[in-house]
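S.K.: Predicted coordinates and the sequence they were generated for:
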Amino acid sequence: MTKATKASDIKRSWYLIDLNKKILGRISSEIAKLLMGKSKPYYVRNLDCGDYVVVINAKNVKVTGKKEENKKYYRHSGYPGGLRVRTFKELKQSKPEEIIRHAVKGMLPQNKLRDRMLTRLFVYRDENHPYGDKIK
């Protein structure tokens, strides 16, 4: 008989992912799977079953082809003329953490659990992070 998963049955673990010379799309899909908890045997869509993920060396992430110059990130303030466009190269120099967060956010399900899953994602520019005692 199959037992239904309850919130009290969920056990969370910590993962450390080093992005040193890794491809953005491939690694962000792996991070999204960890945040959702899809590899766990008790995974259900309606509960947040995911783990904590600490990502280091975000400044060393790579993309393939000409995406370094051609990929654009758009923001709009809501005011007329408030559109801000930045390329991948510019964003990598100023805020590489936002590149990872944006890619992972797009790979998570668009429902009420997405924001809760993203709170367990910790992205750092270099290898220094405060979670050394929690990661195996």
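M.R.: Sure, I can see it. Quick caveat, the model's predicted, so the values are computed rather than measured.
S.K.: buried sites along stretch 73-92?
M.R.: 86, 88, 91-92 (16 or more other C-beta atoms under 10 Å). Glycine gets a C-beta too; all of them are placed from N, C-alpha and C.
S.K.: Show me the two of those that sit farthest apart.
M.R.: 86 and 92 (9.8 Å; C-beta to C-beta).
S.K.: quick one: which of the buried residues of stretch 73-92 is nearest residue 8?
M.R.: Closest to residue 8 out of these is residue 91 (40.4 Å), distances taken as C-beta to C-beta.
S.K.: which helices and strands sit right next to the helix or strand containing that closest one?
M.R.: Mapping residue 91 onto the secondary structure by DSSP states H and E places it in helix 88-94. Applying 3 or more C-beta pairs under 8 Å, 6 or more residues apart in numbering; DSSP states H and E, one finds that helix 88-94 contacts helix 67-70, strand 72-76, helix 96-107.
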